[in-house]
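**Q** Here is a sequence together with a model predicted from it:
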Amino acid sequence: MSKAFLDEKRLRQSMAWIHTWLGLLAGWILFAMFLTGTASYFRPEITQWMQPELRLAPVAPRRAAETAVAHMQATSPNDQQWFIYLPDDRTPETRIFAMPKPDPGGREPKNRSAEIKLDPATGAALNARDTRGGEHFYRFHFQLQLPHPWGRWLAGLCAIFMLAAILSGVITHKRIFVDFFTLRWKKGQRSWLDTHNVSAVLALPFHAMITYTGLIALIVMYMPWPIAANYAKHADFYADAYGREADGDASGKPAALKPIGPMVDAASRQWQGDRPRTIVIRNPNDSAATVTILRSGADRLNARGESITYSGATGAKLSQSSPPGAALTTAGVMLGLHLGNFAGPVLRWTYFLLGLTGTAMVGTGSLLWTAKRRKPGAKSFFGFRLVERLNIATIACLPAGMAAFLLANRLTPAGLEGRAALEVSAMFWTWFGLAALTLLRPVRCAWVEGLALSAAAFAALPLVNMVMTDRGLFTSIASGDWLFLSFDGAMLAIAALLGFGSWRAAQVRVAPPRRQRKAAAAEFRPKELLDVA
Amino acid sequence: MSLEPGLISYAALASLALSVMKHRPTPALAFMPLPTMARVTGWLLLAVALLLSLWRFGGPQGVVAWIGQTCVAGAVFVLMLSWRSHAAFTLAVVGFFVAVAMAFA
Amino acid sequence: MRKRTLSQGISVFGQSLSQFFLLSRRLWRMSARCFTALVGGYAAAAAMASLLARLLPIARVEATLWGMILSFLIFASLGLWAFHERRLWKVAKVIWGGTLLSAGIVMAIGVRP
């Protein structure tokens, strides 16, 4: 055997080893990130579904901006920053994230106060039930419900593990082209391997893209060091990259914020009528206040649209973003690819299906690990039992948690104080509670019952929706309410998928006695299976 | 609703599958091209799907759409192939003609 | 139960001790490798990316971003290599040495004027 052949074999082996460990360590968190992230492609739609009473008419950007600013001036005029998302074709309300001034003691400001949602026509709070909406899944998928910055760091760690897993997976996969279409059912471990390979390889461009671009999305947090090598002042980098004035600290001299309407109009004019998407106001009511208006890049791949910055105190134009160079465009396009905001309906559903494929890739990886090490009759080692239980807790129980979040929205009274937090709690109580309950059942029953409960939870959604709101299935069909109709449809499809999983889990044969198994095992020796250790 | 690139990619992948001895269905299909022919047709159809996608969605978005729809088509094809292989290939032919019809509509 | 002689007792003790020592030597080596791959890999990627950003003869913001964008690829590759290369000292040499060298050069030349 040639040295090259042996080298290649050793490379495949080491890559298989590390691929397995990376998958084991990060697999469950990655499953949760993929599932909630995939749901986030319909973030505005989920939010709309969770506020069924809301019927907002479209409003011009200028008016929405004016009412938003008026609201913030009335409630918290001395914040450090207002981040205003103007309504668009998928989100009818104005969304505002306000950052209060840091404590005079120099402590870090409380990160991101709760999202403020306003009626764009009047600036009043929404006349609908309070809810986090799709924002909950979105935030969870990169913050993991942990306090800042730990959540993002953990998510980032899992993301780099994912990147390494993709690279090692491709290196270790021996017959990647021949096996392209291979999917064998009912062959136990081999079937899991095939499913893992197929879901990974067929959508490999998507998985690689989503992982790398995910890291890029929070790149300034994960990799700020090159900035320090080129810029004496960190803030100058932002000025160069995003074309706004280096973030000034508040000067301390108060100055009333100039009306926002004329600025919005001026920006629109400069962009030949294109609408603004977001407005960022820094240090409002200070003489150093800045108003940055960002262009809607909804049809463009580059997520970072152009921006123009005005002085808040005088209304004069201060700066605008220059045409981005290659690196800036690359970073912007990468972010755009991850967010998928440019996507029309067809492409959005494609993203969604590919995201589910990615979730399947991660899930089948963990299932493959246990399938390979299952020895019926023999006492399983602790690690095996741990992995098996964690698989159930994640794959069977997280979907139930997500359904519980949506169910809680329909089942808690619309006027209840703190109902938004209650919905979020419902998700975690259901997820972890169900996971704990599955510990009491033998493994196979836990799979069957866990998946069945998740399926039931999703199937219940259209029913509960019909009972608790006036936008039930039949009303939606009658009135052509596409959003609610497709929502119901999607919930039923997910329920069917989970139900199918539960049914298949119940079909798993108990292993035949040892003599027969040994003979069967001798038949398919790992020669073809070199793929994963 | 621009699904034509996806449908043509589906047909392309089905054709590529026919070029691999392992995936040629037994009993044979009504029309079974030679492996080389199948491979050439497969790559050609992928190119057609790309061009169609570029035409429908414009430059960069077209590339994204092509990759995305091809991936989904692949997943659907593999699932069909493992479940009912003859239906998988029939679907490829049907899908191809539907796509052509939609493209010219 | 047979009574053990003193010499037998000592040899049994010695065997358990050496077994324990070997086990923890393996554990020590694997921990060192993991630490080098994860922490060292990140440090090396950050340092090399910073060096690249500092030296690329293009616009400042462009060079910075290219460094940042490529850093993840460097991190993942170094991390994988750390588990492929058999010799631990070589892994440590390349990763930690690379970190110190790159960071050293960047700090020596200073921030871009």
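**A** Sure, I can see it. Because the structure is a prediction, the values reported are computed rather than measured.

**Q** which strands and helices sit next to the lowest-mean-pLDDT helix or strand in chain C?
**A** Taking mean pLDDT, DSSP states H and E as the measure, the helices and strands of chain C show their lowest mean at helix C:6-35, namely a mean of 83. The contact analysis (3 or more Cβ pairs under 8 Å, 6 or more residues apart in numbering or on different chains; DSSP states H and E) places helix C:6-35 against helix C:88-109. In short, each C-beta sits where N, CA and C put it, glycine included.

**Q** Need the residues that contact the helix it packs on.
**A** A:229, C:29, C:32-33, C:36-37, C:40-41, C:43-44, C:47-48, C:50-51, C:54, C:78, C:81-82, C:85 (Cβ atoms under 8 Å, 6 or more residues apart in numbering or on different chains).

**Q** Would you mark the buried spots in that helix?
**A** When burial is assessed from 16 or more other Cβ atoms under 10 Å in any protein chain shown, helix C:88-109 yields the following buried residues: C:91-92, C:94-95, C:98-99, C:102-103, C:106.

**Q** go on, stretch A:9-26?
**A** Neighbour-count burial for stretch A:9-26, counted by 16+ other Cβ under 10 Å, picks out A:12, A:14-24, A:26.

**Q** any chance of these in CSV, plus distance to chain C, pLDDT and secondary structure?
**A** Formatted as CSV, the entries for these read as follows, by distance: Cβ to the nearest Cβ, whole Å; pLDDT from 0 to 100; DSSP: H, G, I helix; E, B strand; the rest coil:
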residue, distance to chain C, pLDDT, secondary structure
A:Arg12, 10, 93, helix
A:Ser14, 4, 95, helix
A:Met15, 7, 96, helix
A:Ala16, 11, 95, helix
A:Trp17, 7, 96, helix
A:Ile18, 4, 96, helix
A:His19, 9, 97, helix
A:Thr20, 11, 96, helix
A:Trp21, 8, 96, helix
A:Leu22, 9, 97, helix
A:Gly23, 13, 96, helix
A:Leu24, 13, 95, helix
A:Ala26, 12, 97, helix
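
**Q** Farthest-apart pair in these, please.
**A** Pairwise distances among those were taken by Cβ to Cβ; the largest, 21.2 Å, belongs to A:Arg12 and A:Ala26.

**Q** Is there a quick ChimeraX command that grabs whichever of the contacts of helix C:88-109 are buried?
**A** Burial among these is assessed by 16+ other Cβ under 10 Å; the matching ChimeraX selection reads:
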select /A:229 /C:33,36,37,40,41,43,44,47,48,50,51,54,78,81,82
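
**Q** helix or strand for the residue of chain C found nearest chain B, which one?
**A** Of all residues in chain C, C:Ile69 sits closest to chain B, at 17.6 Å by Cβ to the nearest Cβ. Taking DSSP states H and E as the definition, C:Ile69 sits inside helix C:60-84.

**Q** touching chain A at all, that helix?
**A** Yes: contact of helix C:60-84 with chain A (Cβ under 8 Å from any Cβ of the partner chain) involves C:60-69, C:71-73, C:75-77, C:79-80, C:83-84.

**Q** State the number of residues packed around the closest residue to chain C within chain B.
**A** For chain B and chain C, the shortest gap (Cβ to the nearest Cβ) falls at B:Pro60, measuring 17.6 Å. Other residues near B:Pro60 come to 16 when the count uses other Cβ atoms under 10 Å in any protein chain shown.

**Q** about what we covered before: out of the buried residues of stretch A:9-26, who's nearest chain B?
**A** Taking Cβ to the nearest Cβ as the measure, A:Gly23 is the one of these closest to chain B, at 20.3 Å.

**Q** From C:Ser77, how far off is the nearest residue to C:Gly40 once chain neighbours are set aside?
**A** In space, not counting the residues next to it along the chain, C:Gly40 is nearest to C:Ile95; the distance is 4.1 Å by Cβ to Cβ, 6 or more residues apart in numbering or on different chains. Distance, C:Ile95 to C:Ser77, using Cβ to Cβ, to the nearest Å: 11 Å.

**Q** List the buried residues of stretch A:297-315.
**A** In stretch A:297-315, counting by 16+ other Cβ under 10 Å, buried: A:297-298, A:300-313.

**Q** Just say helix, strand or coil for A:Leu257.
**A** When the structure is reduced to helix, strand and coil (DSSP: H, G, I helix; E, B strand; the rest coil), A:Leu257 reads as coil.

**Q** Repeat that for the one 4 residues further on.
**A** For A:Gly261, the assignment made with three-state DSSP gives helix.

**Q** Does it touch A:Glu66 like I think?
**A** Yes: counting by Cβ atoms under 8 Å, A:Glu66 is a contact partner of A:Gly261 at 5.1 Å.

**Q** what about the chain, any weak spots by pLDDT?
**A** Going with chain A. Applying pLDDT under 70 to chain A picks out residues A:1, A:103-113, A:243-248, A:509-533.

**Q** ah, I was thinking of chain C
**A** Judged by pLDDT under 70, chain C has its weakly predicted residues at C:1-4, C:21-22.
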